[in-house]
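**Student:** any chance you can model this:
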Amino acid sequence: MTAMTTLHSLPPDERDRFHRFAFGPAEAPPFDRIHHAFQAQAARSRDTPAVEHEGHRLTYGELDDRSDRVAAALVEAGVRPGDHVGLFLTRSAHMVVGLLGVLKAGAAYVPQDVRITPPHHLDHVRRTAGIDVVLTTSEHADRVEAATVIALDTLPHRNVPKPRVEPGDTAVVIFTSGTTGVPNGVRVTHANLCNVLLTEPGSLGIRPGDRVTQLLNIAFDMAVWEILGALSHGATLVVRGSSAQQAAETATVLISTPGLLSTLDRSKCPDVRVVAVAGERCPQPLADDWSRQAVFHNACGPTEVTIVNTVSRYDGRALTIGRPVPNSTVYILDEDLRPCRIGEVGEMWAGGACVTAGYLGNDVLTAQRYRPDPFLGGDHVMFRTRDLGRWTPEGELEHHGRTDDQVKVRGFRVELDAVTSALETAQDCVRATTVLHEGALVGFVSPATVAPDAAREAVARALPYYCVPTLIVPVDDLPLTDRGKVDRAALRALVTVA
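**Tutor:** So this is what the prediction gives:
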């Protein structure tokens, strides 16, 4: 299929708007390796605060030197360009040091929060990514299994030469829930990150003197935006401790999910000048509230298209997900992969520089979701996001839900069917279903004699912690539609009534 073939279904004036709307601006990022942007800032301002966490501070010079030591230790441990190194710890200055050390060694880091990630999930990540070396801290070392475990807080302070290795293409591997509930590792390249983080609007206008909070789970792709978005532009990364509110109160830039942002008291965050949200649908009242004091960006995009691939600066009117980021494309296509007319709802496919390098060890799924791009041609591929959207007459994208039952909870992707299957393994459970209600998972189990705690524990045993429903509702029978499917709308109404 060629671009001419697929565009033939559109009237001539629609073809012109397809090209104007679907293609982001062309802009060359200033670096082709994301840690080189950090190193340029460190060379320019060694005494500028780079990281703060619970009273501890590292300057850009100190962070640069410490990450050089980590890189040297990794090379001595046998890490080579293109390898995957586990970053199994939690939010801390050590996390940032380790992350940069991995990149300087030419490898890709694979982040997991060791405090809350179940051992079987860590084991799956380690095996799938082929991880032989894991960076952690002495506090968590006994929870980590790998051929080589390096505790970052025990590395000696020594002078090492600057790393001189040829970096691999992959920068980070993000594990995100797959269609069966089994996490898939997405290979995000340096080129992907440089394209979104070092160009507008993804760079968010971050500059030296800014304070960017690190609020999110380190295994979540938006944490990459927080961490490397701050350090590549000379800002101070404020890593949260136990309180997200406390970290946000000194921030000038917030990158968050709408759910987390809604828990913050804006009146106590007087210096915030820029806010960016993604990961789930943003309620307009939330955008209205924060846009009273800050430039508010609403963004969208699954991990496979590098954190976000569309961004909108909210103007107080219609809340959209905006336009494609530079060097990227978004196509609204029908089931036959033909472009929809402007204003028609179709499935969003993403192309260009945002498209990641596919799934680790899953060529079948990669072939299903990553397809040849007939509009860019050549070796370009486009990614099937499974998001539904449409273009406004002004060329802005509106989000219209999902093509499947995949939802976002606290920024993590969750398959409702996977949660349902886990619920049905609970003792005495015959049937179950799961719905998303006001941003939280609600599980319904039948018959009504099923113990809610048993159902919750069944999910916790089988799936990551963020898949566990907030509420379990035992019912005698699950209501059905006229086609014999579970009527989820009726169940949501039941929760509202209750």
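**Student:** CA atoms for contacts and neighbours, from now on please.
**Tutor:** Fine.
**Student:** could you measure from His96 over to Arg66?
**Tutor:** Actually, residue 96 is Val rather than His. Val96 sits at a distance of 10 Å from Arg66 (criterion: C-alpha to C-alpha, to the nearest Å).
**Student:** over to Val330?
**Tutor:** Val330 is 40 Å from Arg66, by C-alpha to C-alpha.
**Student:** which residue is nearest the centroid of the protein?
**Tutor:** What sits nearest the mean C-alpha location of the chain, by C-alpha atoms, centre = their mean, is Asp221, with 2.7 Å.
**Student:** can you check the pLDDT for it?
**Tutor:** Note for Asp221: predicted pLDDT of 94.
**Student:** repeat for Arg164
**Tutor:** 86.
**Student:** Ala498 too?
**Tutor:** 52.
**Student:** same thing with Ala448?
**Tutor:** For Ala448, pLDDT reads 93.
**Student:** wouldn't it be in contact with Ala455 here?
**Tutor:** No: the pair Ala448 / Ala455 is not scored as a contact, 11.8 Å apart, by C-alpha atoms under 8 Å.
**Student:** follow-up on the earlier one: Val96 and Arg66 - which one has more neighbours?
**Tutor:** Arg66 (25 against 20; other C-alpha atoms under 10 Å).
**Student:** that older thread, residues in contact with the residue nearest to the centre of the chain?
**Tutor:** With C-alpha atoms under 8 Å, 6 or more residues apart in numbering as the criterion, the residues that contact Asp221 are Ile174, Thr303, Thr306, Ile307.
**Student:** how about the third one: what's its closest non-neighbour residue?
**Tutor:** Among residues not flanking Thr306 along the chain, Cys354 sits closest, at 5.6 Å (C-alpha to C-alpha, 6 or more residues apart in numbering).
**Student:** isn't the one you found up against Asn195?
**Tutor:** Yes: with contacts counted by C-alpha under 8 Å, Cys354 reaches Asn195, the gap being 7.2 Å.
**Student:** and the two? Which one has more around it.
**Tutor:** The residue with more neighbours, out of Cys354 and Asn195, is Cys354; 32 against 28, by other C-alpha under 10 Å.
**Student:** can you pull the contacts of that one?
**Tutor:** So Cys354 contacts Asn192, Asn195, Val196, Val305, Thr306, Asn309, Asn327, Ser328 (C-alpha under 8 Å, 6+ apart).
**Student:** quick one: pLDDT of the fifth one?
**Tutor:** Just to be clear, that refers to Thr306. Reported pLDDT for Thr306: 97.
**Student:** so it versus Asn184, what's the distance?
**Tutor:** Relative to Asn184, Thr306 is positioned 15 Å away (C-alpha to C-alpha).
**Student:** between the two, which is the more surrounded one?
**Tutor:** Counting neighbours by other C-alpha under 10 Å for Thr306 and for Asn184 shows that Thr306 has the greater number, 27 against 24.
**Student:** pretty sure that one is touching Val196, no?
**Tutor:** Yes: look at Thr306 against Val196 with C-alpha under 8 Å: they come within range, at 7.5 Å.
**Student:** quick check: Ala367 is in a strand.
**Tutor:** No: read with DSSP: H, G, I helix; E, B strand; the rest coil, Ala367 is helix and lies in no strand.
**Student:** neighbours around it, how many?
**Tutor:** Neighbour tally, Ala367, other C-alpha under 10 Å: 13.
**Student:** what sits up against stretch 8-28?
**Tutor:** 7, 195, 199, 323-331, 338-342, 391, 395-396.
**Student:** next step: these restricted to helices.
**Tutor:** The helices, defined by DSSP state H, take in Leu7, Asn195 from those.
**Student:** out of the contacts of stretch 8-28, which are inside strands?
**Tutor:** Arg323, Pro324, Ser328, Thr329, Val330, Tyr331, Trp391 (DSSP state E).
**Student:** isn't the second one up against Val330?
**Tutor:** Yes: when contacts are counted by C-alpha under 8 Å, Pro324 is listed as touching Val330 (6.2 Å).
**Student:** who has more neighbours, these two?
**Tutor:** Pro324 (29 against 25).
**Student:** quickly list what that one is bridged to.
**Tutor:** Thr310 (DSSP bridges).
**Student:** with Thr252 as the reference, measure out to Thr48.
**Tutor:** 16 Å.
**Student:** would you mind telling me which of the two has the busier surroundings?
**Tutor:** Thr252 (22 against 19).
**Student:** quick one, which of Ala448 and Ala455 is more surrounded?
**Tutor:** Ala455 (27 against 15).
**Student:** hang on, that one is in a helix, isn't it?
**Tutor:** Yes: under three-state DSSP, Ala455 sits within a helix.
**Student:** which ones are touching it?
**Tutor:** Leu423, Glu424, Thr425, Ala426, Gln427, Val445, Ile472.
**Student:** who is the closest residue to the last one other than its chain neighbours paired with across the strands?
**Tutor:** Once flanking residues are discounted, Ile472 sits nearest to Gly443: 4.7 Å by C-alpha to C-alpha, 6+ apart. Each beta-bridge partner of Gly443 is listed here: Thr434, Ile472, as defined by DSSP bridges.
**Student:** so what pLDDT did Gly443 get?
**Tutor:** 94.
**Student:** my guess is it contacts Val475. True?
**Tutor:** No: between Gly443 and Val475 there is no contact under C-alpha under 8 Å: 10.3 Å.
**Student:** more neighbours, these two?
**Tutor:** Taking neighbours as other C-alpha under 10 Å, Gly443 and Val475 compare with Gly443 leading, 25 against 16.
**Student:** might you report the residue contacts of that one?
**Tutor:** Thr420, Leu423, Ala432, Thr433, Thr434, Val435, Pro469, Leu471, Ile472, Val473.
**Student:** most neighbours among the residues you listed, please name it.
**Tutor:** Leu423 (31 neighbours).
**Student:** for stretch 414-421, the distance to its chain's centre please.
**Tutor:** How far stretch 414-421 lies from its chain's middle: 20 Å, per C-alpha atoms, centre = their mean, to the nearest Å.
**Student:** er, stretch 343-355 actually
**Tutor:** For stretch 343-355 - counting by C-alpha atoms, centre = their mean - the centre lies 18 Å from the chain centre.
**Student:** residues touching Arg57, list them.
**Tutor:** So Arg57 contacts Pro49, Ala50, Val51 (C-alpha under 8 Å, 6+ apart).
**Student:** just for the stretch 51-200 of the chain, where's the confidence low?
**Tutor:** 177-181 (pLDDT under 70).
**Student:** meant to ask about the stretch 351-498 of the chain
**Tutor:** 404-406, 481-485, 496-498.
**Student:** can we see that at 50?
**Tutor:** 482-484 (pLDDT under 50).
**Student:** how about the helices in it?
**Tutor:** 363-369, 416-423, 452-462, 488-497 (DSSP state H, counting those that start in this stretch).
**Student:** dump the longest one to CSV, restricted to CA.
**Tutor:** What it means is helix 452-462. Extracted in CSV, the C-alpha atoms of helix 452-462 (Å, rounded to 0.1, in the frame of the first residue of the first chain):
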residue,chain,number,x,y,z
PRO,A,452,-13.5,-9.1,48.7
ASP,A,453,-10.1,-9.6,50.4
ALA,A,454,-9.6,-12.9,48.7
ALA,A,455,-10.4,-11.4,45.3
ARG,A,456,-8.0,-8.5,45.9
GLU,A,457,-5.2,-10.9,47.0
ALA,A,458,-5.7,-13.0,43.9
VAL,A,459,-5.0,-10.0,41.7
ALA,A,460,-2.0,-9.0,43.8
ARG,A,461,-0.5,-12.5,43.3
ALA,A,462,-0.8,-12.4,39.6
